[in-house]
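[1] got a structure for you, letters missing:
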Ligand SMILES: Nc1ncnc2c1ncn2[C@@H]1O[C@H](COP(=O)(O)OP(=O)(O)O)[C@@H](O)[C@H]1O
Ligand SMILES: [Mg+2]
């Protein structure tokens, strides 16, 4: 909070003194109270990206460098051209802080927000994904409470709006005890025409500005407070800090918006999120290089006596702004009437390049359209935390425990176990597009009806790895998410990210962000994957422990599969088939599940990423696919490849006999080989007839490919050729351990 | 003879387009999607109330939609013997409108459940099951939060042959484990006395194309084919 | 007669036969978390509050009863309702 | 002291300033369309009834208040609760 003097009175604002001076300089006068509120909100970290913007500049060239990218960073969502006249939009966003105090409504309105972002690209939202972070569940009623109601909030909102939640990810770790991470992603599909109809800009003078959807109330106003008097009679305590979502109204907004866009009369579209009407009107006109005149008395309010300040800054949910051609006004309004949606024509655009907002006869805002988006940026300090050296130097204890016991324990760990408890609550099939459904593959695969094309999407990152090394960990996250879509047969097309970090004013926290962004940028440039959007959430701190969360640069990858026959699934298919491990396994146990579950250890050097090797691995995978040689595929991550194999056995209740002789090099230990989380590996099932061809291709691409065993009909996993005794695991028991963890913790 | 079907779009319906897709693109049936306030029965041989969350399912699933003018129109169709079909939320609407006996309550687990189940055909005489055999077991998904069927008087339903479908095992056994939501007597679908109005909680429109079904089945088509067959028999 | 604003509060609960998983779950949770064994039963239900402008309290109640029945705000197959004593809101 | 059975009834609602889409929808899409214009507002909420064996009414109330808070049966961020006047069940 900063104290400033405005019109002789003392006011409290979030902005700094310097920023306030800048506002006055920009205007050449004192701002009005409504203007001050507008600047305060629009120049906040959340809206203006003032700490992160200098760093995120790295990503700016996606539109220029990739011909299929239609919209890149800076838009409400990234959009790519996937051929046949279709455009795909996607974005990911955080709703961490609201969810930490009210998990149900916080998560629900998070879904509501991300849907609006996609909708304002003019396309139909067709899928949701939800990567989540909580404290550990065991013996932690608070985590259980958050987890239960976050999932219910996502389910109730997503299900009601008829958008399937097709995937997600979750990790449980102490650093998220009081600051959970609720990231939500949405994918939209439409024609390229639809997308072109709805730029989030007001390019033309003389168009109507229409507010449509729910009514405007006092929710979500982060008020500028005056020391001597409150803004209205309504005290802070009476204002709910968290908003209540209304998925029913959202569903109608979706249908009404899409129908309106189809008319061709909509010339601009913008959702109302952070900053409310202030953000929507200033960005529409600012980005479009126009101006507008708006009358707040036209806005339909929920409560009597709302001030212009409150109307401009309200963050009431379920509202959209439309810019409509004059000749189409009646047509568009008729559509809103059909859906019984409230609406108001609140103003018109002009070419003044000034945003004028009236409260009846009073001019309450009079700003150059671009002023609010011209926030100052901060160059933040960054410093590598001193504790890291000590953490990284920790060694894996000597292996004295029984390997079978370890594996039974690992597969039941909260971070590895079955996540069915979550996705059973999500309608993941509505829309009749879901081809590879939750739990059936590494990614969610959707068909594009009317074509032989499929999209695949996966989201996640390993927070433990990122904590120990944000650069390697972020690149590892990219390998894993790309690996997930590749495992289902897709080619990675584009990436969006959601950066969840601590306080950027603390150099150690900012260092994490900085390294993660560099990692993303390096990897994506080398692998030719456009970064088409992102979101930054700072200030994720545990207020009790006074520490930041584990750095979590969430990665979402969208991929494309051409042709139904090229879809690959996870479950093993037939006894007698060969098993290959693709990619190199190194002694990389730093930050592994094995360390944390078995030794309660948080250290070691996390796995490293070698882009050249990853590239070669992907190349060989695609050649194997072209040859039709892969019958099942699952990428290797938490818990190592033995866990991967177990997961592949479950569905068809098969077993595997592994012989690891000659599969790993001399100086690597059994546990290092079995539980290593080296990036860029796959387990594939192939026909024995293809054995020689596969090894030949391995030579050609110079990729480490080892036949490690065969599938057997007996449901057990036998591992020979270790330095220790042979292992024999019961698939039934593995499955029981895998399945029971979350239900046991949540269903008391 | 041309057959025309209506799919009603209630505010908050979300399986409307999926149902249209199957009827139109897969089965090539003449079908209209109609906003609930505009629906007039006279043009149609049958009507489907699709799944979703009409009016957000606020208050109680289906209750607000049961007061829609579309329901008055549908009533005329029920009376003169045309097929009136409710799927999932549509089924809840038909129960709330008292076209069907009983009520649908919150699942026993209190959670929304999305999963594939087995459905046993109990009565293959209805407008929604005549292409099946009694005793057939079909694979269909459910996706609902309020699907627990309840009624004071099951015996009467049984006597009148109003139980059309039940949740079962793959082999057709009516066990507790195969009942996903705690429905009375494993009931998943019921009909009126005349057997032209049927409500079903699972989603046949999600089980009509091999590419999106786990075992490459297309059992969902049997339901829609039954509607057409019923209409043909009625007209001829 | 001049109109006045009345508040009518209604509680809708499931009939015993229809079960009440919400109540059952809360009870199970209470017992599981121990210390609350004195709670022998929990029932849940739905609460609705109507503000009406009418001539009298009696009339307000009648209207609410009427709309509960006519609009099936409660489902007589599975539910009961009860109107709370009018309490002047503070 | 001998234990007695008490019934404590609780109503949990969203805070007045928070939205209540259920109540709004009942009013807009049901009551208003069916001619009940005298109804100016509808709010929805949850009802819970606890049966407890305790020494006194006061104690019963305290236990319920305690468990509502401790077990997070209501969320103080968005909701209020209110305990109804004890009514001897018939
Ligand atoms: N929060 C979630 N929401 C929805 N689905 C989830 C969530 N977490 C995990 N899943 C699903 O569970 C399955 C297994 O997830 P995960 O264990 O993260 O996959 P992987 O084997 O690639 O590591 C996937 O289908 C995933 O989409
Ligand atoms: Mg994977």
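    Done, it's in. Just so it is clear, the structure is predicted and the values come from calculations on it, not from any experiment. Numbering: from 1, shown residues only, chains lettered A, B, ... in the order given. Ligands and ions are numbered 1, 2, ... in the order given.
[2] kindly report the residues of chain B close to chain A.
    Within chain B, the positions near chain A by C-beta under 8 Å from any C-beta of the partner chain are B:11-12, B:14-15, B:17-18, B:21-22, B:25, B:35, B:51-53, B:55-58, B:111-115, B:141, B:143, B:145, B:203, B:205-206, B:209, B:211-212, B:214. All C-beta spots, glycine's among them, are computed from the backbone N, C-alpha and C.
[3] list only buried entries from the residues you listed.
    B:11-12, B:14-15, B:17-18, B:21-22, B:35, B:51-53, B:55-58, B:111-114, B:141, B:143, B:145, B:203, B:205-206, B:209, B:212 (16 or more other C-beta atoms under 10 Å in any protein chain shown).
[4] near ligand 2, from the residues you listed?
    Taking C-beta under 5 Å from the ion as the test, ligand 2 is in contact with none of these.
[5] just to be sure, residue A:256 is in a helix?
    Yes - under DSSP: H, G, I helix; E, B strand; the rest coil, residue A:256 sits within a helix.
[6] you'd agree it is up against residue A:336?
    Yes - proximity of residue A:256 to residue A:336 meets the contact threshold set by C-beta atoms under 8 Å, at 5.6 Å.
[7] mutual contacts of those two, please.
    Common neighbours of residue A:256 and residue A:336, using C-beta atoms under 8 Å, 6 or more residues apart in numbering or on different chains, are residue A:212.
[8] related to what we said a few turns ago, narrow the buried ones among the residues of chain B next to chain A to those in helices?
    Of these, the ones assigned to helices by DSSP state H are B:17-18, B:21.
[9] distance to residue A:163 and pLDDT added to the residues you listed, as TSV?
    What follows is these, written out as TSV (distance: C-beta to C-beta, whole Å; pLDDT from 0 to 100):
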residue	distance to residue A:163	pLDDT
B:17	12	97
B:18	13	98
B:21	16	98
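[10] list the contacts for the residue lying closest to residue A:444 once chain neighbours are set aside?
    In space, and not counting its chain neighbours, residue A:444 is closest to residue A:166: 3.3 Å by C-beta to C-beta, 6 or more residues apart in numbering or on different chains. Applying C-beta under 8 Å, 6+ apart to residue A:166 gives the contacts A:127-129, A:428, A:434, A:437-438, A:444, A:446, A:457.
[11] which ones among the residues you listed lie within strands?
    Members of the contacts of residue A:166 lying in strands (criterion: DSSP state E): A:127-129, A:434, A:444, A:446, A:457.
[12] what is the nearest of these to residue C:43?
    Ranked by distance to residue C:43 (C-beta to C-beta), those are led by residue A:128 at 35.0 Å.
[13] who in chain C is up against chain D?
    C:3, C:5, C:9, C:11-13, C:23, C:26, C:29-30, C:33, C:36, C:38-54, C:63, C:67, C:70-71, C:73, C:84-85.
[14] I'd like the next helix or strand past the helix or strand bottoming out on mean pLDDT in chain C.
    Least confident helix or strand, chain C: helix C:21-32 with a mean of 84, by mean pLDDT, DSSP states H and E. Remark: after helix C:21-32, the chain's next helix or strand is strand C:39-54, criterion DSSP states H and E.
[15] that'll do, ta.
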